[in-house]
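J.: Predicted model follows, preceded by the sequence.
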Amino acid sequence: MVALVGIDGSGKTTQAIRLAAALCAAGVTARYGRNAGGRRFLGRVARKLGRDDAVSLLGRRGLLTVEAVLRWLAIARSLVTARLTGATAVMDRYTPCQLVSIRAHDGGKWLARTVRAAYAPFPRAAVIIFLDVPPEVAYHRVEQRGEDHEDIEYLNASYAAYKDVLSDAVHVDGSGDPDAVAQAVWAVVWPVVKRGLAVDAGLS
Ligand SMILES: Cc1cn([C@H]2C[C@H](O)[C@@H](COP(=O)(O)OP(=O)(O)O)O2)c(=O)[nH]c1=O
């Protein structure tokens, strides 16, 4: 499994879809897995219900706990589907993202411990790529997208939290044009996937 992480607007979705397609083109069965169901989803539900205040009513801790459960289910579904089909999962966000979210919200040690325990059963990714994009650049991108988006303060906080939380991720500069970023991602991922295939085939 390969995971792409980074702040909103860093290009996770764009690059994870491209990577899954490139792996398939190289003859590897790969599946894109979206770790959806977080704050934006809850925000949309709250607005549909006509309760703009529902998200804040849930409270920071409550909200993040609900978010953690939704994300846990989404990750589990993606990984189980990949496992059943013998595919390499390319995850758009993965377990470190929730710890980042908690840190960026100043969620406290208790919540971080709880969420860490909740995610403990998930396998480690063979490689985690942090798409490194300055918050101002990412903010400009999500603003163009026009949907709900995080504010610049949150992007700054989550960028700082990623730098703190991620120790074993490969940093890829995500601020260039998408083709160049896709090439940089491929250069990291392909040797790891190839090695995994060789191990699976008993060649090493
Ligand atoms: C990767 C990339 C995305 N975008 C746009 C496409 C999307 O509307 C938005 C966010 O990209 P997206 O891939 O959705 O990022 P994430 O999943 O990390 O939030 O930015 C650019 O304008 N330039 C880029 O190089």
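T.: Everything's here; your move.

J.: what sits against the residue nearest to V90 when sequence neighbours are not counted?
T.: Among residues not flanking V90 along the chain, A20 sits closest, at 4.3 Å (C-beta to C-beta, 6 or more residues apart in numbering). Where C-beta positions appear, they are placed from N, C-alpha and C, glycine not excepted. Contacts were defined as C-beta atoms under 8 Å, 6 or more residues apart in numbering; by that measure A20 touches 30-32, 90.

J.: I75 now?
T.: So I75 contacts 33, 35, 91, 94-95, 119, 122 (C-beta under 8 Å, 6+ apart).

J.: Filter those down to the buried ones.
T.: Among those, those classed as buried by 16 or more other C-beta atoms under 10 Å are 33, 35, 91, 94-95, 119.

J.: what about A157, which SS state?
T.: helix (DSSP: H, G, I helix; E, B strand; the rest coil).

J.: my bad, should have said V172
T.: strand.

J.: OK, contacts around the closest residue to it other than its chain neighbours?
T.: Spatial nearest neighbour of V172, chain neighbours left out: A184 (4.9 Å); criterion: C-beta to C-beta, 6+ apart. Residues in contact with A184, defined by C-beta under 8 Å, 6+ apart, are 172-173, 176.

J.: So which of these is surrounded by the most neighbours?
T.: V172 (24 neighbours; other C-beta atoms under 10 Å).

J.: which element is P121 on?
T.: Per DSSP states H and E, P121 falls between elements, in no helix or strand.

J.: give me the low-pLDDT residue ranges for the chain?
T.: 36-40, 42-43, 46-47, 50-64, 106-107, 147-148, 198, 200-204 (pLDDT under 70).

J.: Do I have it right that V90 meets L19?
T.: Yes: using C-beta atoms under 8 Å, V90 is in contact with L19, at 5.2 Å.

J.: thinking again about what came up before, is the ligand contacted by the host helix or strand of the residue nearest to V172?
T.: Applying DSSP H and E as the criterion places A184 in helix 178-200. Yes: counting by C-beta under 6 Å from any ligand atom, the ligand has neighbours in helix 178-200: P178.

J.: then that helix to CSV, C-alphas only?
T.: C-alpha atoms of helix 178-200 as CSV (Å, rounded to 0.1, in the frame of the first residue of the first chain):
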residue,chain,number,x,y,z
PRO,A,178,1.1,18.2,-11.9
ASP,A,179,3.2,16.3,-14.5
ALA,A,180,6.5,17.1,-12.8
VAL,A,181,5.0,16.2,-9.4
ALA,A,182,3.6,12.9,-10.8
GLN,A,183,7.1,12.0,-12.1
ALA,A,184,8.7,12.8,-8.7
VAL,A,185,6.0,10.6,-7.0
TRP,A,186,6.6,7.8,-9.5
ALA,A,187,10.4,7.9,-8.9
VAL,A,188,9.8,7.2,-5.2
VAL,A,189,7.0,4.7,-5.5
TRP,A,190,8.0,2.5,-8.5
PRO,A,191,11.2,1.0,-6.9
VAL,A,192,9.3,0.1,-3.8
VAL,A,193,6.4,-1.5,-5.7
LYS,A,194,8.8,-3.4,-7.9
ARG,A,195,10.7,-4.7,-4.9
GLY,A,196,7.4,-5.8,-3.4
LEU,A,197,6.4,-7.6,-6.6
ALA,A,198,9.7,-9.4,-6.7
VAL,A,199,9.3,-10.5,-3.0
ASP,A,200,5.8,-11.7,-3.8
